[in-house]
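Asks: how would this look folded up:
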Amino acid sequence: MIRYFVTGASGFIGRHLCRALVEQGRTVTALLRSDSSAEGLPSEVRVVRASFDRPDVYGPALAECDYVVHLAADARFGDGPGYAAANVGTTAALLKAVAASAPGLRRLVFVSTMGAVDRARADDCSAALTEDSPPHPTSDYGRSKLEAERLVAASGLPYAVVRPSMVAGADMRANSHVAVFARLAAAGSLFSRARWPGRVSVIHVSDLARGLIVAAEHAEAAGRTFFAGGEPVSLGEIFDYAAPGRARVGLGWLAALSRPFAVALPFQAKALLHSALAVDDGALRRLGWTPRRAWRQAIDEVCERERRRLDPALPPPGRAVVTGAASGLGRALAEALARRGRRLLLVDRDAAGLEAVCPGRPHVERARCDLSDESALGTLLASPVWSREAIDEVFACAGLGLRGAVAVLPYSGQADIYRVNLLSRLQLVHHALRAMRARQFGRIVLISSSSAYQALPFMTVYAASNAALLLFGEGLASETREDGIEVLTVCPGGMRTRFQKSAGVQELRDEKLMEPGEVADLILRALGRDRRVIMPSFRSKAMAALARILPRRVSVALWHRLMARLR
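Replies: Below you'll find the model as predicted:
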């Protein structure tokens, strides 16, 4: 039995490596931080949670392993003081722990980056990088990885170093280079309209995972450094493939014109015009490793994901969850999503109402759940009904309101307003985010209300819950942006739904309420446009603007009079 110890197993490459190891019959232990998700890891993987400075916790697992693959790092390209601690300090701590706890270690594989080498200023980039190329990293990230490489080589442990080029795959980070290129092309950005001749090496993550196993287990890999690069391709070709049929300006002439003084160009210009990011992975190939996917296959999954991100009309592979789906806006959204080919999980406490939504539609599942009951929602989230398919979108429409003074309304009813309007959404979103972050894709739509913008006497708790939800949605949108998760908070005004009656709100004579279907269409049109908050009603926008202009005391007094006399 061959046993592996993998750090950084919760990351993009780590998840794929663990899957490949399990498929090959290896035993895998993954070292994860206490706050890291094990989402996407095979069930056969044993998880140990500890920081690198706690070898007393993970040392026993190290003692049992044959191979260590060190992937844990801050992999975001850039500059800053944090890279030394994240990439050098963790490596030093792991090396110390391995030396003390794993005397039977066969090999440690350190996963570095081609950014540890980059290009010397005098390099004209006419040839691909090789293992013999002198390192001249141009970023703090690359410098930290090079320093970590040197620590590994000087450790006295059996080792191999692998420097991947650009790695692609469906669940890669949304802010990684290949994903950004695909998104720029799909959006038709001006930058993507140029046929940049600079060549980059692109490798599919599954091919890299196989390469790491070869570097670990092949006898001739000991003490060596390898590039794992896949096929070089020009950036212009990537743009052409990601968004075919669009006119692009050829820049081969500019590359030829700049060739005599290429050594004077900044690194970014070398990358765009020449082959600064191309690597030669011949050394790894000579050990029997060969990429199985061409560059088009490597980026195809990414292009598909980014097209779906920008165009919500394209159904994602997973399901959309709609709460409050038995009536009103929830029902309108469910029906609109079904027409767009979504696979749906509809949630409501009204079982009979649910059965009437999208009758006869394929790929529609229904679940009765009272969202004011935390344990009932927890049971749903832990059930096969929820986990049967990936959840790519959440439309949290279920809402609750009551008209009356705080002192008069029962506490339990007012507490339920907070549970449904805020806490159930926190519970639902918190659960969904784990898988969305692992896939680097997801949409969350939170239905608040225009009442979020001002205090609303006689519906005080309702307005307060919506104000809290608005702030929650805006903060969450900022937190999840780099994870490729879109969060949209919707603040509609009055709609023609049964909410008015159930909340005890009287409809005014000649009051122009929006239709739920109209609001649903506005929501779906707003997705994919990097909008964080929308307020569909012009009247609601005007009232919110007035609330910002008026002194708060005056605004509250006006609403007090309106709610007391007319509602």
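
Asks: Which strands or helices does the helix or strand hosting V202 pack on?
Replies: Assigned by DSSP states H and E, V202 belongs to strand 199-204. If contacts are counted by 3 or more Cβ pairs under 8 Å, 6 or more residues apart in numbering; DSSP states H and E, strand 199-204 sits against strand 166-168, strand 231-234, helix 235-242, helix 295-310. C-beta coordinates here come from the backbone N, C-alpha and C atoms, glycine included.

Asks: Direction included, what does the second one pair up with?
Replies: Okay, so that is strand 231-234. Paired neighbours of strand 231-234 in the sheet (DSSP bridges): strand 199-204 (antiparallel).

Asks: V249 is in contact with W196, isn't it?
Replies: No: between V249 and W196 there is no contact under Cβ atoms under 8 Å: 9.7 Å.

Asks: still on that earlier bit, export the helices and strands packed on strand 199-204 to JSON lines and tack on mean neighbour count and mean pLDDT?
Replies: Below are these laid out as JSON lines (neighbours: other Cβ atoms under 10 Å; pLDDT from 0 to 100):
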{"stretch": "strand 166-168", "mean neighbour count": "27", "mean pLDDT": "94"}
{"stretch": "strand 231-234", "mean neighbour count": "20", "mean pLDDT": "90"}
{"stretch": "helix 235-242", "mean neighbour count": "21", "mean pLDDT": "92"}
{"stretch": "helix 295-310", "mean neighbour count": "21", "mean pLDDT": "90"}
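
Asks: Minimum distance to P134: which of those has it?
Replies: Closest approach to P134 among the helices and strands packed on strand 199-204 (Cβ to Cβ): strand 231-234, 20.3 Å.

Asks: Can you name the helix or strand that V445 falls in?
Replies: Going by DSSP H and E, V445 is part of strand 442-447.

Asks: hey, C-alpha coordinates of that strand in CSV?
Replies: What follows is strand 442-447 as a C-alpha-only set of coordinates in CSV (Å, rounded to 0.1, in the frame of the first residue of the first chain):
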residue,chain,number,x,y,z
GLY,A,442,-22.4,30.3,-8.0
ARG,A,443,-25.2,32.8,-7.9
ILE,A,444,-27.1,33.9,-4.8
VAL,A,445,-30.1,36.1,-5.1
LEU,A,446,-31.5,37.6,-1.8
ILE,A,447,-35.0,39.1,-1.9
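
Asks: Paired strands for it, with orientation please.
Replies: strand 391-396 (parallel), strand 485-490 (parallel).

Asks: looking at those strands, which is buried most?
Replies: strand 391-396 (a mean of 26; mean count of other Cβ atoms under 10 Å).

Asks: From the rest of the structure, what touches that one?
Replies: Residues outside strand 391-396 that contact it (Cβ atoms under 8 Å, 6 or more residues apart in numbering) are 316-324, 330, 333, 337, 342, 345, 424-425, 428-429, 432, 435-436, 439, 441-447.

Asks: Is it possible to mark the buried ones in these?
Replies: 316, 318-324, 330, 333, 337, 342, 345, 424-425, 428-429, 432, 435-436, 439, 441-447 (16 or more other Cβ atoms under 10 Å).

Asks: and the strand holding V445 with helix 295-310, angle?
Replies: Put simply, strand 442-447 runs at 0 degrees to helix 295-310, going by axes from the mean of the first three to the mean of the last three Cα atoms, to 10 degrees.

Asks: So what's the model's average confidence on strand 442-447?
Replies: The average pLDDT within strand 442-447 is 97.

Asks: Kind regards, and thank you for your time.
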